[in-house]
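Participant: Quick one, fold the following:
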Amino acid sequence: MNILVTGANGQLGNEMRIISKQSEDKYIFTDVNQVEGIETTYLDITDLDAVRKIVAENDVNAIVNCAAWTNVDGAEDPEKYSLVEKLNATAPENLAKAMKEVDGWLVQISTDYVFGKEPYNTPCKEDQKGTPTGVYGATKLLGEQKIIATGCKYIIIRTAWLYSEFGKNFCKTMLNLTSTKPQLKVVFDQCGTPTYAWDLATAIIATLKNPVEGVYHYSNEGVCSWYDFTKMIAEYSGQTSCDIQPCHSDEFPSPVTRPSYSVLDKTKIKETFGIKVPYWTDSLKKCINNINKK
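Facilitator: Here you go, the predicted structure:
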């Protein structure tokens, strides 16, 4: 199978690069951002003709879309809306159209932010109505809808709280802050599940071995708050001098209301593809060990 990966220089794309080295499939890694020393094909996924061209030239059978606008607060800027919508909704539609034309598969990475307006206290299932509270979630949900409307063969995977050794993410930020600050306040009234990008990449490859169309949820197992997540980051990295205190989310004003509970029910993806999902603290240990090796 010839698999094209978009956003290949981001967190998830970099993990796909690592895992692909063990694969018999051919991978084409693309991004608009070029990184020195990393082989990447330039591709603007907002340009449908460019997508069609690269699909034809490489006889692409599947696309894994790791590209998106992910700055949740920044998405609320009215001047940025057209760009956010283009990246999170129009671009995935372009990829879906290109795959529809060659009878290929599109794996779209979506988000727990498609939920949030309604107060939940049980894990969110795939068929639950989307109730986004901000532009980021709304445009990602629109992207899902546009993909399905094309009639292409699709696998949509919603994930949450993604982190890795690569790029900017909560884990790396907290590693820095807990090692440099005497005290830190972190919200405890938003609960979800961290997701190690390497685990998600492994799951994506598993779905492509025997693809079954549908919407799926994937995060690591378990539940925690951002406060709990930070406490474990500090513990596993040996940062004991920082006094980490829980606080309410209203102490950190934001232009968007984040989901207070966005734990994802992963029953469907586990049963459909026979995937074993690691517990979040086990994966966090692995990530921090990898960061320490760098």
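Participant: looking only at pLDDT, what's the mean for the longest helix seen in the chain?
Facilitator: Criterion DSSP state H: the longest helix present in the chain is helix 135-150. For helix 135-150, mean pLDDT is 98.
Participant: All the strands of the stretch 151-294 of the chain, in order from the start?
Facilitator: 153-159, 162-163, 183-187, 191-192, 195-196, 214-217, 224-225, 243-247 (DSSP state E, counting those that start in this stretch).
Participant: Name the stretch among the ones you listed that sits most buried.
Facilitator: Burial of the strands of the stretch 151-294 of the chain is given as mean neighbour count (mean count of other Cβ atoms under 10 Å); strand 195-196 ranks first at a mean of 26. Yep, even glycine has a C-beta here, placed from its N, CA and C like the rest.
Participant: Return the list of strands paired to that strand, each annotated with direction.
Facilitator: strand 162-163 (parallel) (DSSP bridges).
Participant: and the strand it pairs with, what's its mean pLDDT?
Facilitator: 98.
Participant: Next, the residues that contact it from outside, please.
Facilitator: 11-12, 169-172, 194-197, 200, 287 (Cβ atoms under 8 Å, 6 or more residues apart in numbering).
Participant: again, but for stretch 119-136
Facilitator: By Cβ under 8 Å, 6+ apart, stretch 119-136 touches 69-72, 75-76, 81, 84, 88, 111-118, 137-138, 140-141, 144, 158, 214-217, 255-265, 267-268.
Participant: Now the strands of the stretch 151-294 of the chain in CSV, please, with extra columns for distance to residue 49.
Facilitator: What follows is the strands of the stretch 151-294 of the chain, written out as CSV (distance: least, Cβ to Cβ, whole Å):
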stretch, distance to residue 49
strand 153-159, 21
strand 162-163, 30
strand 183-187, 44
strand 191-192, 38
strand 195-196, 34
strand 214-217, 28
strand 224-225, 44
strand 243-247, 49
